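> Make a model of this:
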Amino acid sequence: MERKNQGLILGVTICLILLSVLGAVNAAQEEPVTDAWELIMDLTVTQPVRMAAFYDENFGVT
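All right, here's what the predicted structure looks like:
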């Protein structure tokens, strides 16, 4: 039980740090962004596969 609490506290701390960094980056922008970002993912799969992303107990994506 205590290990889960430590993982929860660590995850919340990391989220707060990321949010503060993103807030600082947004505050540092002096002029509004007018260009759009475009993300293209090109993936060729030669055989049927299963892909999954989930959070494990250590708040990592595996």
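
> which residues of this protein fall in helices?
Using DSSP state H, the helices found in the chain span residues 2-28.

> where does it have low pLDDT?
Along the chain, segments meeting pLDDT under 70 span 1-2, 4, 22-34, 45, 48-49, 51-62.

> Recalculate using a threshold of 50.
62 (pLDDT under 50).

> Just the buried positions in stretch 14-21, please.
Within stretch 14-21, no residue counts as buried by 16 or more other C-beta atoms under 10 Å. In short, each C-beta sits where N, CA and C put it, glycine included.

> tally of neighbours for residue 7?
15 (other C-beta atoms under 10 Å).

> same deal with the one 4 residues further on?
The criterion is other C-beta under 10 Å. On that basis, residue 11 has 15 neighbouring residues.

> Just the terminal-to-terminal distance for stretch 37-50.
When the termini of stretch 37-50 are compared using C-alpha to C-alpha, to the nearest Å, they are 28 Å apart.

> If we go by neighbour counts, what in it is buried?
Within stretch 37-50, judged by 16+ other C-beta under 10 Å, no residue is buried.

> going forward, begin numbering at 368 instead of 1
Sure, I'll start counting at 368 from here, so that last one is stretch 404-417.

> Mind listing residues that contact that stretch?
Stretch 404-417 is contacted by no other residue when judged by C-beta atoms under 8 Å, 6 or more residues apart in numbering.
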